[in-house]
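[1] Return atomic coordinates for the entry below.
(one chain, ligands or ions: 1)
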Amino acid sequence: MCSIIGYLGLNQAAPIIVKGLKRMEYRGYDSVGVATFSNNHILVRKGVGKVIEVNKAVRLDELSGTVGIGHTRWATHGMVTDTNAHPHPSSTGEIAIVHNGIIENHEELKRELEQKGYAFKSQTDSEVIANLLQYHHDETGDIKQSMTHTVSDLKGSYAFVAVFEDGTLAAARFHEPLIIGIGKEGYFISSDVLGFVEHTDEVIYLDNREFVIINTTGIQIFDFNINPVRHQITKVSKEFADVYKGEYAHFTLKEISEQPTTILNAGNNTKLELDLATDLIRHAKTLYITGSGTSYNAALVAKFLFSKYAKIKIEPIISSEVHFSHDVFEQQSILIALSQSGESADVLEAVNIAKKTGTKIISIVNIMTSSLVHLSSISIGLGCGPEIGVAATKSFTAQLAILYKIADKICNGSTGIDFAKASEAIKKILSDDSKIKEIAKKIRDVSDIYILGRGIHYPIASEASLKLKELTYIHAEGLPGGELKHGPLALMDSNTYVIMINPSDPTYSDTLTSAREIKARGAKVIGVSDKPSDVYDYWIEIPQIDESMYPLVEIIPIQLLAYYAAVEKDTDPDYPRNLAKSVTVK
Ligand code: F6R
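    You can find the predicted model right below:
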């Protein structure tokens, strides 16, 4: 959720750190801070707001020193305040830390440390790490010892980086990502390669329960029992470097616009894995699919796709609900886990529960170095490049594309899916979005939007509502069309907008009937369809294609609608309030 970064090298640390934080801001962005080691002291600047705002206010990038740490926060413990922003210094100010994760036993540790005379300023769980390190350093006088004692005291999940008053960096990983970058002019340590990829593509992925000590003589890695550890240096893929908006006003628009290509590329780097996974799925005794948010909506599409074309039953389960769904998995079950980040705590928990029963895990994931990949028997890569916009767009259609590929393989190519045609249809929608921009102006001030779809279009309606909520802050609800008359019709009046997902397929006439029922109550109807109708107040035209492909295509105009409505409302489409891209806490 939060992003953390450390740098030690030949150059001034603060500007490098601030730039890295800007790139990782998608992970959390309610406050930001930097600490550097300079003239034998640790200097800290921090504040509430996005990197650009706080930097303007307190000039984070002007802190001096060639060693430093930085953080962008997504609040879990304690309000969004300057004091709660990281880095947190220890009470003597000799150590400062940045932390991502949750320290579950922070209250008890805090009480013990307070009794020993260590003072706390913030309401965060993270500050305890700074004082714990300080306490163990005071006791042992040794950084390695203080790291190992500290990690053995902490309960929860964490990655943290600490700067010590002799200019040493130390960092530990326990169930949160942490990656070392080896550059020609310095070392980096970060929660995401995006934090430093412009400086080096040579990285070491720390394993769980490992810590690293970085100083001017080099890096030393240990496990939590202080055994030295050696790791291969690996090169990260060039695609990670593609994190510029280019000509686009926002990452979200750029990523929406990439979809004609990303649906074609989905899974192409892992063709063998796709074949192996298909084989497992074809022969599975019981089949489940899980994900959170957008990824769960893709799981719902899979249910329809697999039953219609592959004639296979698959049960979608929301990842955060797996814990409460008793004994679903059996010895020979297969669980497909969908996740853009591969780091969502809920998804990882679901996978761990399933694994205990001997269930095999197939993951469909964008970040191929993520924790989810390590937990899976087979991983298929979305291959859609970094998705920076917090709201998932291209990763959703890439997930769908892979699910289509699996279904198509199982039914020997009889789904009717033609990715080249779907790609052309998406291009056509993107090439003329003037009508969508007009409708965005109409909906910018409405308080409720309903999105209706039947059959396979219901999960798309659900995904459409998620995009509208996240980007526009308008209340939006996706409903199966037939459910309207069982309650929600009571909400329809002249202030309500309803989007009907209504391509020409067997759901068409029933959805049109629902549209007429809505219209009769005075609500405004927006039709997303290849066919016009007098019932639509506004018609968003989508190209006519084989019915199998509509789900992949019909979400695009609604992503655009949500994006343009956000721009109309002057909210930031890339960084919706209160959200973070990678939800690594439960
Ligand atoms: C919605 C969105 C979230 C994520 C969810 C799961 O636009 O981005 O709902 O889909 O947090 O994230 P991943 O797919 O990374 O596990």
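
[2] By mean pLDDT, which helix or strand of the protein comes out lowest?
    strand 234-235 (a mean of 82; mean pLDDT, DSSP states H and E).

[3] partners of that one in the sheet?
    strand 202-205 (antiparallel) (DSSP bridges).

[4] Show me what the next helix or strand after the strand it pairs with is packed against.
    Tracing the chain past strand 202-205, the next element assigned as helix or strand by DSSP states H and E is strand 210-215. Under the contact criterion of 3 or more CB pairs under 8 Å, 6 or more residues apart in numbering; DSSP states H and E, strand 210-215 touches strand 3-9, helix 143-153, strand 169-174, strand 186-190, strand 218-223. For glycine as for every other residue, the C-beta is placed from the backbone atoms N, C-alpha and C.

[5] With respect to residue 455, which of those lies nearest?
    Across those, residue 455 has its closest neighbour in strand 3-9 (40.1 Å, CB to CB).

[6] so what strands line up beside the closest one?
    Sheet pairing of strand 3-9 (DSSP bridges) gives strand 67-73 (antiparallel), strand 186-190 (antiparallel).

[7] hmm, back to that, adding mean neighbour count, write the helices and strands packed on strand 210-215 out as a markdown table.
    Below are those laid out as a markdown table (neighbours: other CB atoms under 10 Å):
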| stretch | mean neighbour count |
| --- | --- |
| strand 3-9 | 29 |
| helix 143-153 | 19 |
| strand 169-174 | 25 |
| strand 186-190 | 25 |
| strand 218-223 | 15 |
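
[8] Which residue ranges of the stretch 251-400 of the chain form strands?
    For the stretch 251-400 of the chain, the strands defined by DSSP state E, counting those that start in this stretch occupy 286-291, 315-318, 333-339, 360-365, 378-381.

[9] And for whichever residue of the chain sits closest to the ligand, nearest residue in space, chain neighbours not counted?
    Relative to the ligand, the nearest point of the chain is residue 293 (1.8 Å; CB to the nearest ligand atom). Nearest residue to residue 293, sequence neighbours excluded (CB to CB, 6 or more residues apart in numbering): residue 466, at 6.5 Å.

[10] Next up, the contacts around that neighbour.
    Residues in contact with residue 466 (CB atoms under 8 Å, 6 or more residues apart in numbering) are 293-294, 297, 391, 476, 478.

[11] ok, back up a step: could I get the helices and strands packed on strand 210-215 as JSON lines with mean pLDDT and distance to residue 379?
    Shown next, in JSON lines, are the helices and strands packed on strand 210-215 (pLDDT from 0 to 100; distance: least, CB to CB, whole Å):
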{"stretch": "strand 3-9", "mean pLDDT": "96", "distance to residue 379": "24"}
{"stretch": "helix 143-153", "mean pLDDT": "97", "distance to residue 379": "28"}
{"stretch": "strand 169-174", "mean pLDDT": "97", "distance to residue 379": "20"}
{"stretch": "strand 186-190", "mean pLDDT": "97", "distance to residue 379": "22"}
{"stretch": "strand 218-223", "mean pLDDT": "96", "distance to residue 379": "25"}
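
[12] ok, now which ones touch residue 450?
    Applying CB under 8 Å, 6+ apart, the residues near residue 450 are 465, 476-479, 488, 491, 496-499.

[13] Could you report the neighbour count for residue 111?
    The number of residues packed near residue 111 is 10, by other CB atoms under 10 Å.

[14] One more: residue 395?
    Neighbours of residue 395 using other CB under 10 Å come to 28.

[15] Leaving aside the residues adjacent along the chain, what's closest to it?
    Using CB to CB, 6+ apart, the nearest residue to residue 395 is residue 340, at 3.9 Å.

[16] pLDDT wise, what is that neighbour at?
    Looking at residue 340, its pLDDT stands at 96.

[17] Please determine how far it is located from residue 564.
    To residue 564, residue 340 is 23 Å away according to CB to CB, to the nearest Å.

[18] So between those two, which is more surrounded?
    Each of residue 340 and residue 564 has its neighbours counted (other CB under 10 Å); residue 340 has more, 29 against 23.

[19] The more buried one reaches residue 392, doesn't it?
    Yes: between residue 340 and residue 392 there is a contact at 5.6 Å, judged by CB atoms under 8 Å.

[20] where do the contact lists of these two overlap?
    Overlap between the contact sets of residue 340 and residue 392, as judged by CB under 8 Å, 6+ apart, is given by 294-295.

[21] burial count for residue 285?
    Using other CB under 10 Å: residue 285 sits among 9 other residues.

[22] Which residue, neighbours along the chain excluded, lies closest to it?
    In this structure, residue 285 finds its nearest non-sequential neighbour in residue 332, 4.3 Å apart by CB to CB, 6+ apart.

[23] re earlier: format the strands of the stretch 251-400 of the chain as a markdown table; extra columns: distance to residue 72 and mean neighbour count.
    Below are the strands of the stretch 251-400 of the chain laid out as a markdown table (distance: least, CB to CB, whole Å; neighbours: other CB atoms under 10 Å):
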| stretch | distance to residue 72 | mean neighbour count |
| --- | --- | --- |
| strand 286-291 | 25 | 23 |
| strand 315-318 | 28 | 18 |
| strand 333-339 | 21 | 28 |
| strand 360-365 | 23 | 26 |
| strand 378-381 | 26 | 24 |
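
[24] picking that back up, test for you: state the pLDDT assigned to the residue nearest to residue 293.
    As predicted, residue 466 sits at a pLDDT of 98.

[25] again, but for residue 495
    pLDDT for residue 495: 86.

[26] tell me the SS of it?
    coil (DSSP: H, G, I helix; E, B strand; the rest coil).

[27] Was I right to think it contacts residue 447?
    Yes: applying CB under 8 Å, one finds residue 495 in contact with residue 447, separated by 7.1 Å.

[28] Neighbour count: those two, which is higher?
    Between residue 495 and residue 447, residue 495 has the larger neighbour count (other CB under 10 Å), namely 13 against 9.

[29] which residue packs closest to that one, ignoring adjacent ones?
    Nearest non-adjacent residue to residue 495, counting by CB to CB, 6+ apart: residue 446, 6.6 Å away.

[30] secondary structure element for that neighbour?
    Per DSSP H and E, there is no helix or strand for residue 446.

[31] list the contacts for it?
    Residues near residue 446 by CB under 8 Å, 6+ apart: 474, 495-497.

[32] what pLDDT, on average, does stretch 537-554 get?
    96.

[33] what does the chain have sitting close to the ligand?
    Applying CB under 6 Å from any ligand atom, one finds that the chain approaches the ligand through 292-295, 339-341, 344, 347, 391-392, 466, 470, 582-583.

[34] wait, which of the residues you listed is closest to residue 539?
    Nearest to residue 539 among the residues of the chain next to the ligand, with distances taken as CB to CB, is residue 466, at 23.3 Å.

[35] Next, give phi and psi for the closest one.
    phi -60, psi -40 (degrees, to the nearest 10).

[36] which intervals of the protein have sub-threshold pLDDT?
    By pLDDT under 70, the low-scoring segments of the chain are 237-243.

[37] biggest helix in it by residues?
    Counting residues, the longest helix found in the chain (DSSP state H) is helix 550-569.

[38] That one packs against which elements?
    Packed against helix 550-569 by the contact rule (3+ CB pairs under 8 Å, 6+ apart) you find helix 251-257, helix 394-410, helix 419-431, helix 434-443, helix 457-472, strand 497-501, strand 524-529.

[39] CA atoms only: put the last one into PDB for me.
    What it means is strand 524-529. Taking Å, rounded to 0.1, in the frame of the first residue of the first chain, the C-alpha atoms of strand 524-529 are listed here in PDB:
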ATOM      1  CA  LYS A 524     -32.500   8.900 -18.200                       C
ATOM      2  CA  VAL A 525     -31.400   6.000 -20.200                       C
ATOM      3  CA  ILE A 526     -27.900   5.600 -21.800                       C
ATOM      4  CA  GLY A 527     -27.700   2.700 -24.100                       C
ATOM      5  CA  VAL A 528     -24.300   1.000 -24.800                       C
ATOM      6  CA  SER A 529     -25.200  -1.000 -27.900                       C
END
